[in-house]
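Visitor: Predicted structure and sequence below. I'll ask about it afterward.
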Amino acid sequence: MPDIKKYIRDIPDFPKKGIIFKDITPLLKDPAAFSEVIDIFYQRYKDKNIDYIAGIEARGFIVGSALALKLNKGFIPIRKKGKLPYKTVSADYDLEYGIDTIQMHCDALEKGNRVLLVDDLIATGGTLEAAAKMIGQQNADLVEIALIIELEFLKGKDRLTDFPVFSLIKY
């Protein structure tokens, strides 16, 4: 495995004081490093009979769509409420001070579709948990959740015990 961590930049106090944001922009900027990450995911999932890659706004779009192209699979965007133009299904998740909602098109998945859910990072796991449940509500099968980064100290994976999770690097 390449040293992916050297392409992850720490941004202190973003989006608020006390948080160290893990920025994958340097990874995306380097074509060889980004290609290696996509290749690692490709090797892991090429024989898993996946029908679709679902990616969570916004960095999950970048990683997920690149992987979908390499796997020759369709891409399903999962976005914040009100951002998709067609009829949607929704799932709520808790924030520190309230609730937020993610959505996908109501016709994005069919019963039995095998889906790989992709995002850049798992922190507390709320968004991924909501996305996984929404995929299940469409009677699709979630093959795995694929991430570049896992922030283990936030224990987000504990919320996803019903779903297999794979992360490239851990902090």
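Guide: Arrived safely, thanks for sending. Numbers count the residues shown, from 1 in each chain.
Visitor: Is the nearest residue to I99 once chain neighbours are set aside in a helix, a strand, or coil?
Guide: Among residues not flanking I99 along the chain, D92 sits closest, at 5.1 Å (Cβ to Cβ, 6 or more residues apart in numbering). Every C-beta, even on glycine, is put in place using the N, C-alpha and C of the backbone. Here D92 takes the strand state, with states given by DSSP: H, G, I helix; E, B strand; the rest coil.
Visitor: On the pLDDT front, check D92 for me.
Guide: Per-residue confidence (pLDDT) for D92: 94.
Visitor: Now for it: which residues touch it?
Guide: Contact analysis of D92 by Cβ atoms under 8 Å, 6 or more residues apart in numbering lists 99-101, 130.
Visitor: Tell me which stretches of the protein form strands.
Guide: All strands of the chain, identified by DSSP state E, fall at 9-12, 20-23, 52-56, 74-80, 88-95, 98-105, 114-122, 141-150, 165-170.
Visitor: so the last one versus strand 141-150, what angle?
Guide: Read it as strand 165-170. Interaxial angle, strand 165-170 versus strand 141-150 (axes from the mean of the first three to the mean of the last three Cα atoms, to 10 degrees): 10 degrees.
Visitor: ok, strand 165-170: who's next to it in the sheet?
Guide: Here strand 165-170 is paired, per DSSP bridges, with strand 141-150 (parallel).
Visitor: The second one now?
Guide: Strands flanking strand 20-23 in the sheet, each with its direction: strand 9-12 (antiparallel) (DSSP bridges).
Visitor: Now do the helix ranked longest in the chain: distance to the chain's middle.
Guide: If you go by DSSP state H, the chain has its longest helix at helix 31-45. Chain-centre distance of helix 31-45: 15 Å, with Cα atoms, centre = their mean, to the nearest Å.
Visitor: Can you tell me which of the strands of the chain is most buried?
Guide: strand 52-56 (a mean of 26; mean count of other Cβ atoms under 10 Å).
Visitor: what packs against that strand?
Guide: Strand 52-56 sits against helix 59-71, strand 74-80, strand 114-122, helix 126-137, with contacts defined as 3 or more Cβ pairs under 8 Å, 6 or more residues apart in numbering; DSSP states H and E.
Visitor: again, only this time at 6 Å
Guide: helix 59-71, strand 74-80, strand 114-122 (3 or more Cβ pairs under 6 Å, 6 or more residues apart in numbering; DSSP states H and E).
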